[in-house]
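Q: can't give you the sequence, but here's the structure:
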């Protein structure tokens, strides 16, 4: 029986060592790594190997690289990690079924946040949500401002669990689905429909009814995606936008 021994690239070996130093705490955020020349001498490898390892650490969010200075250890955050996925996310969005997959992923996140908020939202959370809703209504008629306040309303929901991963996911989804939001909000009457959907979500959360909050959010997302798909298909819009909105 023959055994296949996988030979690791030199850069992978350097990467593994430096990563272990950072993860173990021997190298802490703010510390500088040795210079490229010192790393080359310490590991007995060439500059391309060292740079490949350093670029990999940068993609992981573990170091910051800048021209003319040594690599510096950074503290990775969920936002940094998800930002690194942006290119891959845009590629997947443009593949067949990509928009549907991301819509489903967004729904899992947003429906869960709505349910959680209905049960766990504090008085301060509700105040922030009410304020975000009022700002959202005032922005009707101003496309760019409405888009910002739309994102801000959903951001308040993402804040409620006090989980930085949810906040990072929310921001990533907002960035990845920019085309979807921009396309739907250009439809005549859609800003008002979106606001009214937000209002239903808020009222359900205010009542403390997780089922109603989840349903309101589901209706909102389904309506948006229905309009988006029909816009992309070139179908007529005014009646579609209204008829796609379900009552809660």
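A: Happy to help now that I have it. Computed from a prediction, not measured in an experiment: that's the story for all the values here.
Q: return the residues in contact with the spatially most central residue of the chain.
A: Taking Cα atoms, centre = their mean, the centroid of the chain lies closest to residue 172, which sits 1.8 Å from it. Going by Cβ atoms under 8 Å, 6 or more residues apart in numbering, residue 172 touches 79, 82-83, 85-86, 89. The C-beta positions use only the backbone N, C-alpha and C, and glycine is treated the same way.
Q: check those residues and tell me the two furthest apart.
A: 79 and 89 (13.9 Å; Cβ to Cβ).
Q: helices of this protein, start to end?
A: 10-23, 36-43, 47-59, 78-83, 86-93, 98-120, 123-138, 143-159, 164-176, 178-185, 190-207, 210-232, 238-243 (DSSP state H).
Q: could I get the contacts of residue 172 in a markdown table, plus columns for distance to residue 191?
A: Below are the contacts of residue 172 laid out as a markdown table (distance: Cβ to Cβ, whole Å):
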| residue | distance to residue 191 |
| --- | --- |
| 79 | 28 |
| 82 | 28 |
| 83 | 29 |
| 85 | 30 |
| 86 | 27 |
| 89 | 26 |
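Q: which of these sits closest to residue 149?
A: Scanning the contacts of residue 172 for proximity to residue 149, where the rule is Cβ to Cβ, the winner is residue 79, at 21.2 Å.
Q: and that closest one, what does it touch?
A: By Cβ under 8 Å, 6+ apart, the neighbours of residue 79 are 164, 167-168, 171-172.
Q: and residue 90, by the same measure?
A: Residues near residue 90 by Cβ under 8 Å, 6+ apart: residue 176.
Q: again with residue 132
A: 149, 152-153, 155-156.
Q: drop anything exposed from those.
A: 149, 152-153, 156 (16 or more other Cβ atoms under 10 Å).
Q: one step back: buried subset of the contacts of residue 172?
A: Buried subset of the contacts of residue 172 (neighbour count, 16+ other Cβ under 10 Å): 79, 82, 89.
Q: nearest to residue 13, of the contacts of residue 79?
A: Taking the contacts of residue 79 together and measuring to residue 13 by Cβ to Cβ, the closest member is residue 168, at 30.7 Å.
Q: would you agree the closest one is in contact with residue 81?
A: Yes. The criterion here is Cβ atoms under 8 Å, and residue 168 meets it with residue 81 at 7.4 Å.
Q: quick one, which of the two is more surrounded?
A: residue 168 (18 against 15; other Cβ atoms under 10 Å).
Q: now the more buried one: how far from residue 155?
A: 11 Å (Cβ to Cβ, to the nearest Å).
Q: repeat for residue 193
A: 20 Å.
Q: in space, what's closest to residue 48 - neighbours in sequence excluded?
A: Nearest in space to residue 48, with sequence neighbours left out and distances taken as Cβ to Cβ, 6 or more residues apart in numbering, is residue 11 at 8.0 Å.
Q: neighbours of residue 144, how many?
A: Residues lying near residue 144 (other Cβ under 10 Å) number 10.
Q: now swap in residue 199 and tell me
A: There are 16 residues near residue 199, going by other Cβ under 10 Å.
Q: tell me how far it lies from residue 216.
A: Residue 199 sits 9 Å away from residue 216, going by Cβ to Cβ.
Q: okay, residue 79: pLDDT?
A: The score at residue 79 is 74. That number is its pLDDT.
Q: which one of the helices of the chain lies closest to residue 69?
A: For these, proximity to residue 69 was assessed by Cβ to Cβ; helix 36-43 is nearest, at 10.7 Å.
Q: worst-scoring helix or strand of this structure, pLDDT-wise?
A: helix 238-243 (a mean of 49; mean pLDDT, DSSP states H and E).
Q: as JSON lines, the buried ones among the contacts of residue 132 with pLDDT and distance to residue 182 would be great.
A: Shown next, in JSON lines, are the buried ones among the contacts of residue 132 (pLDDT from 0 to 100; distance: Cβ to Cβ, whole Å):
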{"residue": "149", "pLDDT": "96", "distance to residue 182": "14"}
{"residue": "152", "pLDDT": "96", "distance to residue 182": "16"}
{"residue": "153", "pLDDT": "97", "distance to residue 182": "17"}
{"residue": "156", "pLDDT": "97", "distance to residue 182": "21"}
